[in-house]
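A.B. asks: heads up, no residue letters with this:
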């Protein structure tokens with residue numbers, strides 16, 4: 001198919017780490033399936049190591065996000081292609097897992113909603129579109145905008161971060177390369193250097209794996225900070241299907257000692273609110289009083305159970 005959109009002047013990205021060739025996969029088209037998988041398995045492991053090397057910066061990002069969310073702000077992911085889809089994925093999973101409002105964590109992908117299901121790679125080339133997306137979301141000082149760009153050069157992401165900074169939002173930049181010319185300023189920069197991909201330039205591989213790990217870490221620990229986790233249990237789970245209803249019942253049983261049948265009945269009386277059910281049972285009070293205590297405890301189940309509120 002002929003490409004009518006080729007530009008006469010295109011930035012040379014050959015120096016980017018994510019565009020280098022991986023020595024171990026030079027013969028990828030000649031390897032047996034088993035040998036190719038061995039190479040991929042080894043490289044996937046290096047993505048985990050790369051993320052671990054950024055623990056201090058990820059911790060800063062967690063603190064930044066937690067502080068913003070506690071104060072009524074939002075976390076907005078911005079990306080294109082795989083990076084954008086991973087941001088939308090992480091944002092979409094927060095409401096059922098942590099019972100959050102759909103506006104609390106949001107994902108913006110270059111090309112809009114349709115780009116989640118069909119390639120819209122050209123949409124990432126317009127810096128102005130990234131800036132416009134920030135205006136459309138009414139980004140403000142209480143928000144955190146996290147730009148995700150594996151190669152670090154995506155114009156859409158750069159434009160979004162620059163505009164977010166102008167609007168006095170806190171900013172985080174996640175990329176898998178060293179500092180590049182024109183890189184946007186950010187309060188926190190996370191650089192898991194995953195190196196060349198098994199398939200040269202295909203950042204849906206190691207870079208995508210590292211990106212998902214980082215996003216999972218940030219939202220999971222931010223939600224811990226918001227009191228949406230007790231021990232290692234998702235006590236704010238939104239029981240919207242049979243699987244999650246079962247999980248909610250098991251959590252109530254684990255923390256109260258009630259039988260499964262009584263846990264289900266208690267949950268039914270609280271319209272599926274796990275924390276309310278637990279406080280009711282543990283403190284011998286009704287739902288109204290349990291909700292009042294939880295509200296005074298800032299939504300923290302631990303505080304509600306351990307305090308004399």
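C.D. replies: Perfect, thanks for sending it. What you are looking at is a predicted structure, and each value in this text was computed from that prediction instead of being measured.

A.B. asks: centroid residue for the chain?
C.D. replies: Centroid check for the chain by Cα atoms, centre = their mean gives residue 215 as the closest residue, at 3.3 Å.

A.B. asks: From residue 29, how far off is it?
C.D. replies: Residue 215 sits 32 Å away from residue 29, going by Cβ to Cβ, to the nearest Å. No exception for glycine: its C-beta is placed from N, CA and C like everyone else's.

A.B. asks: Then residue 76?
C.D. replies: 40 Å.

A.B. asks: Looking only at neighbour counts, state which of the two leads.
C.D. replies: Using other Cβ atoms under 10 Å as the criterion, residue 76 and residue 29 rank with residue 76 on top: 25 against 7.

A.B. asks: I'd say the more buried one and residue 142 touch.
C.D. replies: No. Using Cβ atoms under 8 Å as the test, residue 76 is too far from residue 142 to be in contact (11.4 Å).

A.B. asks: Run through the residues that contact residue 115.
C.D. replies: 80-81, 84-85, 109, 123 (Cβ atoms under 8 Å, 6 or more residues apart in numbering).

A.B. asks: Would you mind checking those residues for buried ones?
C.D. replies: Buried members of these, counted by 16 or more other Cβ atoms under 10 Å: 80-81, 84-85, 109, 123.

A.B. asks: Give me the distance between the two termini of stretch 146-164.
C.D. replies: Start and end residues of stretch 146-164 are separated by 10 Å (Cα to Cα, to the nearest Å).

A.B. asks: roughly how far is it from the heart of the chain?
C.D. replies: Distance of stretch 146-164 from its chain centroid, counting by Cα atoms, centre = their mean, to the nearest Å, is 16 Å.

A.B. asks: average model confidence for that stretch?
C.D. replies: Stretch 146-164 comes out with an average pLDDT of 96.

A.B. asks: per-residue confidence at residue 2?
C.D. replies: At residue 2, pLDDT is 47.

A.B. asks: If you drop the residues flanking it in sequence, what lies closest to residue 170?
C.D. replies: Of all residues not flanking residue 170 in the chain, residue 144 sits nearest, at 4.6 Å (Cβ to Cβ, 6 or more residues apart in numbering).

A.B. asks: So what's the residue count around that neighbour?
C.D. replies: When neighbours are counted by other Cβ under 10 Å, residue 144 registers 27.

A.B. asks: now do residue 224
C.D. replies: For residue 224, using other Cβ under 10 Å, the count is 15.

A.B. asks: thinking again about what came up before, which one of the contacts of residue 115 is nearest residue 247?
C.D. replies: residue 85 (26.0 Å; Cβ to Cβ).

A.B. asks: Residue 244 contacts residue 238, doesn't it?
C.D. replies: Yes. Using Cβ under 8 Å, residue 244 is in contact with residue 238, at 6.7 Å.

A.B. asks: Need the residues touching each of these two.
C.D. replies: With contacts defined as Cβ under 8 Å, 6+ apart, the residues shared by residue 244 and residue 238 are residue 96.

A.B. asks: Could you tell me which residues make contact with residue 123?
C.D. replies: Counting by Cβ under 8 Å, 6+ apart, residue 123 has contacts 80, 110-112, 115, 129, 156.

A.B. asks: how much space between it and residue 281?
C.D. replies: Applying Cβ to Cβ, one obtains 51 Å for the distance of residue 123 from residue 281.

A.B. asks: Model confidence for residue 14, exactly?
C.D. replies: The model's pLDDT for residue 14 equals 69.

A.B. asks: What of the one 3 residues further on?
C.D. replies: We have a pLDDT of 80 for residue 17.

A.B. asks: any idea how far the spatially closest residue to it that is not a sequence neighbour is from residue 196?
C.D. replies: Nearest in space to residue 17, with sequence neighbours left out and distances taken as Cβ to Cβ, 6+ apart, is residue 177 at 4.7 Å. Distance of residue 177 to residue 196, given as Cβ to Cβ: 11 Å.

A.B. asks: can you pull out the strands in the protein?
C.D. replies: 75-79, 105-109, 144-148, 170-174, 188-190 (DSSP state E).

A.B. asks: Just give the strands next to the third one in its sheet, each with its orientation.
C.D. replies: Think strand 144-148. strand 75-79 (parallel), strand 170-174 (parallel) (DSSP bridges).

A.B. asks: ok and that strand relative to strand 105-109, angle-wise?
C.D. replies: Interaxial angle of strand 144-148 relative to strand 105-109 (axes from the mean of the first three to the mean of the last three Cα atoms, to 10 degrees): 40 degrees.

A.B. asks: Could you do the fourth one as well?
C.D. replies: Angular relation of strand 170-174 and strand 105-109 on a 0 to 180 degree scale: 60 degrees, by the same axes, to 10 degrees.

A.B. asks: what sits up against strand 170-174?
C.D. replies: Applying Cβ under 8 Å, 6+ apart, the set of residues contacting strand 170-174 is 61, 64-65, 68, 143-149, 152, 161, 164-165, 183-191, 211, 214.
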